[in-house]
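>>> Structure for the following, please:
(one chain, ligands or ions: 2)
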Amino acid sequence: MASLIGMDGRATLEETTDLPCSICLLDSRSQVRLRCGHAFCGACLKQCAAHDLASCPQCRAPHLLDPDVLRSKIDEYRKQYRQWREGGATGARGEVAAVTAPPAAKKLDGQCKETKDFRDYDAEHERKETVERHYRDMRTHQTVAFVKKMHAKYDFSEGKERCHMTVQECFRVLENYVDSSDPDVGLPNIVHMLQTAEAIRAAGHPDWFQLVGLIHDMGKIMYLWGCAEDGQVGTADGPQWALGGDTWVVGCALPSGDARPGVVYPQFSSLNPDARDPALNTPCGMYEPGCGIDNLLFAYGHDEYLYQMCTANGVKLPKAGFDMIRYHSAYPWHTGRMYDHLMKPEDHEALKWVLEFNTFDLYTKDEDNVIDVEKLWPYYQGLIDKYMPGKLKW
Ligand code: FE
Ligand code: FE
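Numbering: from 1, shown residues only. Ligands and ions are numbered 1, 2, ... in the order given. The predicted structure is shown next:
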């Protein structure tokens, strides 16, 4: 199992995930992947930094190499991002300036160059830019026509599929996926998903809910069949605006400037061609009032794909589980409450479950929350065998 999804594999984009640190040649649990894609153990990187090296020991791309400094920067970023996401900062209402730069990082022992001069890890600015670009692209390109095109591309009807694999195999392939807004010491997807599942389990929720925690982001597997034009590239710099990010309902008024928690970057909505279509740019747009959340088209991403995939494979989850999978990124719905006028009475039950799921998805992303993948896997394989066994259609 370790060779499939162990932490050691987070650094490599190759099949082999037992690659040791290429400096000390030892396997390490505390591996750090640099933006260039090369990975080393924390101890070796620290030594490199102490010896004044300011670039990847393998390819020489410039990096700040001390893992502790990296971690504190990432922590600070996460704190700000979380506030922003919760609407606690004005940035949630699209005022990106609210995501402020952190205090200047300390210089490392023996470091000559000022830390601010390291292009890669003077990262607040770069991350902010990446996130901003992601949402600008997403809001620009995710139109009704685009969403319909993606539904057709990832169609499962009449036996259509792109490949056959087990959940475990999918996790292995997902090791090659890098979230472009968090490419450096971000958690491997399997760790985020296990952290979510474990938190759900610790809260005493039923096993199907735990399984949802485990699989909820697996839809990012679409990067295998994606292209830049469609915003589905799985590399650190790749456009991912049809893989991840907050979704909204296409075909009616886009998220706008009135301040709501859960609605980010409303200022980019005017870039969407549908915003200029008078038939779509009303509160109901192409929908009937009260038509129900399941009858709306959301911006296309990993949520919708995994929902379709689970449906096509007859995964035996209750409706609430499907709702969590399908709508967990729909912040303007579940947090911003932009679409109450389109909901059916029974959608309030779905909303309750999605919000419950969301607390676990959001608050478990923690670099220090150590997950022993190998030890936990047999338990979760049991859940997979119960609800979605064997080779599945993807
Ligand atoms: Fe997700
Ligand atoms: Fe997630």
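
>>> What strand or helix carries the residue in the stretch 51-200 of the chain that ligand 2 sits nearest to?
With C-beta to the ion, the shortest gap between the stretch 51-200 of the chain and ligand 2 falls at residue 192, namely 5.8 Å. Using the backbone N, CA and C atoms, a C-beta is placed for each residue, glycine as well. Taking DSSP states H and E as the definition, one finds residue 192 inside helix 189-202.

>>> for the following helix or strand past that helix, packing partners?
Per DSSP H and E, the first helix or strand lying C-terminal to helix 189-202 is helix 207-215. Applying 3 or more C-beta pairs under 8 Å, 6 or more residues apart in numbering; DSSP states H and E, one finds that helix 207-215 contacts helix 189-202, helix 319-327, helix 347-363, helix 373-387.

>>> Try it again at 10 Å.
helix 167-174, helix 189-202, helix 302-312, helix 319-327, helix 347-363, helix 373-387 (3 or more C-beta pairs under 10 Å, 6 or more residues apart in numbering; DSSP states H and E).

>>> Tell me the residues of this structure that contact ligand 2?
217, 361 (C-beta under 5 Å from the ion).

>>> Give me the three-state assignment for the residue most central in space within the chain.
Central residue of the chain (C-alpha atoms, centre = their mean): residue 244, 5.4 Å from the mean position. On the three-state scheme (DSSP: H, G, I helix; E, B strand; the rest coil), residue 244 is labelled coil.

>>> Would you agree it is in contact with residue 219?
Yes. The pair residue 244 / residue 219 is scored as a contact, 9.1 Å apart, by C-beta atoms under 10 Å.

>>> what do the two both touch?
Jointly contacting residue 244 and residue 219 under the rule C-beta atoms under 10 Å, 6 or more residues apart in numbering are 301-303, 329.

>>> Let's see the pLDDT reported for the closest residue to residue 245 other than its chain neighbours.
Distances taken as C-beta to C-beta, 6 or more residues apart in numbering put residue 138 closest to residue 245, at 5.2 Å, once the chain neighbours are dropped. Residue 138 is assigned 97 on the pLDDT scale.

>>> tell me which residues in stretch 215-231 are buried?
Going by neighbour count (16 or more other C-beta atoms under 10 Å), the buried part of stretch 215-231 is 215-224, 226, 230-231.

>>> which intervals of the stretch 51-200 of the chain have sub-threshold pLDDT?
61-63, 70-126, 181-187 (pLDDT under 70).

>>> do the stretch 251-394 of the chain as well
Checking the stretch 251-394 of the chain against pLDDT under 70 turns up 257-259, 363-369.

>>> How about the contacts made by the residue in it positioned nearest to ligand 2?
In the stretch 251-394 of the chain, no residue comes nearer to ligand 2 than residue 361, which is 4.6 Å away by C-beta to the ion. Taking C-beta under 10 Å, 6+ apart, we find residue 361 in contact with 192-193, 195-196, 199-200, 212-213, 216-217, 324, 328-329, 354.

>>> ok so, going back, among the buried residues of stretch 215-231, which one sits closest to ligand 2?
residue 217 (4.4 Å).

>>> I figured that closest one hits residue 179, correct?
Yes. Contact criterion C-beta under 10 Å: residue 217 and residue 179 qualify, at 9.4 Å.

>>> intersection of neighbour lists for those two?
189, 192, 243-244.

>>> Which pair of the residues you listed spans the longest distance?
192 and 243 (14.5 Å; C-beta to C-beta).

>>> Between these two, point out the one with more neighbours.
The residue with more neighbours, out of residue 192 and residue 243, is residue 243; 28 against 22, by other C-beta atoms under 10 Å.

>>> For that one, give me its contacts.
Contacts of residue 243 (C-beta under 10 Å, 6+ apart): 134, 138, 177, 179-180, 217, 219-223, 226, 230-234, 300-302, 305.

>>> hmm, try it at 8 Å
By C-beta atoms under 8 Å, 6 or more residues apart in numbering, the contact list for residue 243 reads 219-220, 222-223, 226, 231-232, 234, 301-302.

>>> which residues in the stretch 151-300 of the chain form strands?
164-165, 249-250, 297-298 (DSSP state E, counting those that start in this stretch).

>>> which one of the ones you listed lies closest to residue 383?
Among those, strand 164-165 sits nearest to residue 383 (C-beta to C-beta), with 17.4 Å.

>>> so what secondary structure elements neighbour the closest one?
strand 392-393.

>>> Other residues contacting the strand it packs on?
Under C-beta under 8 Å, 6+ apart, the answer for strand 392-393 is 156, 161, 164-167, 309, 312-313.

>>> okay, those residues in a markdown table with neighbour count next?
Conversion of the contacts of strand 392-393 to a markdown table gives the following (neighbours: other C-beta atoms under 10 Å):
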| residue | neighbour count |
| --- | --- |
| 156 | 16 |
| 161 | 14 |
| 164 | 11 |
| 165 | 17 |
| 166 | 16 |
| 167 | 22 |
| 309 | 25 |
| 312 | 18 |
| 313 | 18 |
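
>>> Put together a markdown table for those residues, with distance to residue 146 on each row.
Listed next are those as a markdown table, based on distance: C-beta to C-beta, whole Å:
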| residue | distance to residue 146 |
| --- | --- |
| 156 | 19 |
| 161 | 22 |
| 164 | 27 |
| 165 | 27 |
| 166 | 31 |
| 167 | 29 |
| 309 | 20 |
| 312 | 21 |
| 313 | 25 |
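
>>> Tell me, how many residues neighbour residue 276?
The burial count for residue 276: 9, using other C-beta under 10 Å.

>>> just checking, residue 292 touches residue 349?
No. The criterion here is C-beta atoms under 8 Å, and residue 292 misses it with residue 349 at 11.9 Å.

>>> my read: residue 146 touches residue 300, true?
Yes. Residue 146 lies in contact with residue 300 (C-beta under 8 Å); the separation is 7.0 Å.

>>> Cool, thanks, signing off.
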